[in-house]
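Engineer: Predicted model and sequence below, questions to follow.
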Amino acid sequence: MDLSKKIRTIPDFPKKGIMFKDITTLLQDPAAFRQAIDDLVEYFIKKDTHFDKVVSTESRGFILGSVLAYEFHAGFVPLRKPGKLPYKKIKQEFKTEYSTDAFEIHRDAIEKGESVLVVDDLCATAGTAKAAVELVEKLGGKVNGIAFLVELTFLKGREKLKGYDIYSLIKYNKEG
């Protein structure tokens, strides 16, 4: 199944000039959702990669990350926007294609030396993924994989993540 055909493009969302890739159309299709998860799992299983934790970004990343944590028998760690986590936390600011924001993580979410998979729904400029990697590493975790459902390769976000094992299921090489 061509999973790219399950992604809807919304022009001018959340602001003019952005061609938003809406993954909800893929998620609501049981066969497509299952294939996406199976394909992501298979990539890392073939590489014999073990993960202690799966770290995902708010909010669409949670959908994929929690299922992948289950599949890998790993713990799940949510990265939240500021003010959403109740315990002691650290913060990392980042820039995206259209905004500036920040993520927070609980200080005790990752133990030193733990193997971590970072998961997000989409890689555009890689601001969110880079922030996730930085938070994991500040806590002493080792990022042994980064997974995206969608990658906008023309924005060259992957270049900010050099040196990491990155896997994207669906790649768009041009805007639109």
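Structural biologist: Nice, I can see it. Fair warning: this is a prediction, and the values are worked out from it, not measured in the lab.

Engineer: Run through the neighbouring helices and strands of the longest helix anywhere in the chain.
Structural biologist: Residue-count comparison of every helix in the chain, with assignments taken from DSSP state H, identifies helix 30-46 as the longest. In terms of contacts (3 or more Cβ pairs under 8 Å, 6 or more residues apart in numbering; DSSP states H and E), helix 30-46 is packed against helix 24-27, helix 60-71, strand 142-152, strand 166-172. Where C-beta positions appear, they are placed from N, C-alpha and C, glycine not excepted.

Engineer: how does it look with 6 Å?
Structural biologist: When contacts are defined as 3 or more Cβ pairs under 6 Å, 6 or more residues apart in numbering; DSSP states H and E, helix 30-46 sits against strand 166-172.

Engineer: Please save the CA atoms from the strand it packs on in PDB.
Structural biologist: The C-alpha coordinates for strand 166-172 follow below in PDB (Å, rounded to 0.1, in the frame of the first residue of the first chain):
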ATOM      1  CA  ILE A 166      17.000   8.200  11.000                       C
ATOM      2  CA  TYR A 167      14.100   6.400   9.300                       C
ATOM      3  CA  SER A 168      11.100   8.100   7.600                       C
ATOM      4  CA  LEU A 169       8.300   6.100   6.000                       C
ATOM      5  CA  ILE A 170       6.900   8.700   3.700                       C
ATOM      6  CA  LYS A 171       9.100  11.200   1.900                       C
ATOM      7  CA  TYR A 172       8.000  14.300   0.000                       C
END
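
Engineer: So for this structure, the centremost residue is which one?
Structural biologist: Relative to the mean C-alpha position of the chain, the nearest C-alpha, by Cα atoms, centre = their mean, is the one of Asp120, at 1.3 Å.
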